[in-house]
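>>> structure for this input, please:
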Amino acid sequence: MNFQNLQYFLIVAEEMNVTRAAKRLHISEQALSRQIGKLEKELGAKLFERYPRFALSAAGKRLKAAAEQIGAIERQLHLELDDLNHNNTGELRIGVSYTRGQVLLPRLLPPFHEKHPGITVTILEGSSSELQEDLSKGLIDLLIGYVPRDLDAFEAAEVSRERLFLVVPKKYMNALFGRNADKKRAEFADGVDIRLFKDLPFILLDRDDRVRRMADRLFSRYDITPRILLETRNIQTAFALSMEGMGLTIYPELFLSSQSLLPSSPEARDVVDWFPLDADLTQTIVVAYHPEKYLSNAARDFIQEAQEILQAKS
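You can find the predicted model right below:
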């Protein structure tokens, strides 16, 4: 058994499809099947069930867990050796949620690459729970996001804080305040009382989302039962529907300043306003890492540069 065979096995286990796995590995299906067959013969165990559907066997599940650990140890060794030899090369694996990656990576990666041209950055996108599991297994080096729920298992360096904003279609502002709407817009620029909008329809994220949980705390604080028009898992969808005038939504500050998301579009300011909510409704953005895994020089530099860039712009 060697690292290459384990890598082949892991790719098949991830794809659960030999054709797709072979394409990822740039080898033929026949060659890949032979390698898996050799591994099964060497271990004396069937790694995949072929019928009624392609799936990991009990032995395959155990090997997958062990292979991930072995791969993580190998990566850690290479990171340490690269630093010891001052190679200034290697790989940095960063986990980030889908939407937050659109916001933060365009700010962080270009200057990092300019200073570290020999470092290959691999981005893994997923949900917070998926990425925390990857971090615990050593499959990623850093996780960018909110403070992990299981903070005791990780170290976290704060890189930014963001407030929550209330996004209000202009038609509602004009209907509520009439000729005083522009005066109110200027007044709300420093903070808005959500109670003024309590009877209007809201478009909110699903209840398991952190932004939604903070919104629910705000509603509870002011004894508001919001009229929820619909819920969505996609924060961009919520903003897009608000732009169409369907209802109000609650949006994170960093997302408002992104050049790649809807708020930066020319028409956004023509159809919606956004105002900061209560000052204590802040979310801490961190770069988390595993305290028992080796943190490369590149990873340390990324954290420091992220703090400098985001805190300078916050």
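>>> list the buried residues of stretch 126-133.
The neighbour-count check on stretch 126-133 (16 or more other C-beta atoms under 10 Å) flags 126, 128, 131, 132 as buried. (Each C-beta comes from the backbone N, C-alpha and C, glycine too.)
>>> the last one contacts residue 143, doesn't it?
Yes - A contact is recorded between residue 132 and residue 143 when judged using C-beta atoms under 8 Å, the distance being 6.8 Å.
>>> overlap in contacts, these two.
Between them, residue 132 and residue 143 share these contacting residues under C-beta atoms under 8 Å, 6 or more residues apart in numbering: 154, 288.
>>> could you say which helix or strand holds residue 145?
Assessed by DSSP states H and E, residue 145 sits inside strand 142-146.
>>> oh sorry, the question was meant for residue 121
For residue 121, the host element (DSSP H and E) is strand 119-125.
>>> next, count neighbours for the spatially closest residue to residue 270 that is not a sequence neighbour.
Of all residues beyond its chain neighbours, the one nearest residue 270 is residue 170 (7.6 Å), with distances taken as C-beta to C-beta, 6 or more residues apart in numbering. Per other C-beta atoms under 10 Å, the neighbour tally for residue 170 reads 16.
>>> against residue 246, how distant is residue 170?
Separation of residue 170 from residue 246 (C-beta to C-beta, to the nearest Å): 13 Å.
>>> residue 190 too?
Counting by C-beta to C-beta - residue 190 and residue 246 are separated by 27 Å.
>>> before we move on, back to that, now do the helix or strand following the strand holding residue 145 against strand 142-146, angle only.
Per DSSP H and E, strand 142-146 leads on to strand 155-169 as the next helix or strand towards the C-terminus. Angle, strand 155-169 to strand 142-146, by axes from the mean of the first three to the mean of the last three C-alpha atoms, to 10 degrees: 40 degrees.
>>> begin at 4, not 1, for the rest of this chat.
OK, 4 is where the count begins now, so the last one is strand 158-172.
>>> show the average pLDDT along the next helix or strand after strand 158-172.
Later in the chain than strand 158-172, the nearest helix or strand by DSSP H and E is helix 173-180. If you average the pLDDT over helix 173-180, you get 96.
>>> ok, now stretch 263-276?
86.
>>> return the alpha-carbon coordinates of that stretch using PDB.
Extracted in PDB, the C-alpha atoms of stretch 263-276 (Å, rounded to 0.1, in the frame of the first residue of the first chain):
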ATOM      1  CA  SER A 263     -18.900  41.200  -6.500                       C
ATOM      2  CA  LEU A 264     -22.300  41.000  -4.800                       C
ATOM      3  CA  LEU A 265     -25.600  42.700  -5.600                       C
ATOM      4  CA  PRO A 266     -25.300  45.800  -3.300                       C
ATOM      5  CA  SER A 267     -22.500  47.100  -5.500                       C
ATOM      6  CA  SER A 268     -24.700  47.000  -8.700                       C
ATOM      7  CA  PRO A 269     -25.600  50.400 -10.100                       C
ATOM      8  CA  GLU A 270     -29.300  49.800  -9.600                       C
ATOM      9  CA  ALA A 271     -29.100  48.700  -6.000                       C
ATOM     10  CA  ARG A 272     -29.000  52.200  -4.400                       C
ATOM     11  CA  ASP A 273     -31.900  53.200  -6.700                       C
ATOM     12  CA  VAL A 274     -34.300  50.700  -5.300                       C
ATOM     13  CA  VAL A 275     -33.200  50.000  -1.700                       C
ATOM     14  CA  ASP A 276     -31.800  51.700   1.300                       C
END
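>>> alright, calling it a day.
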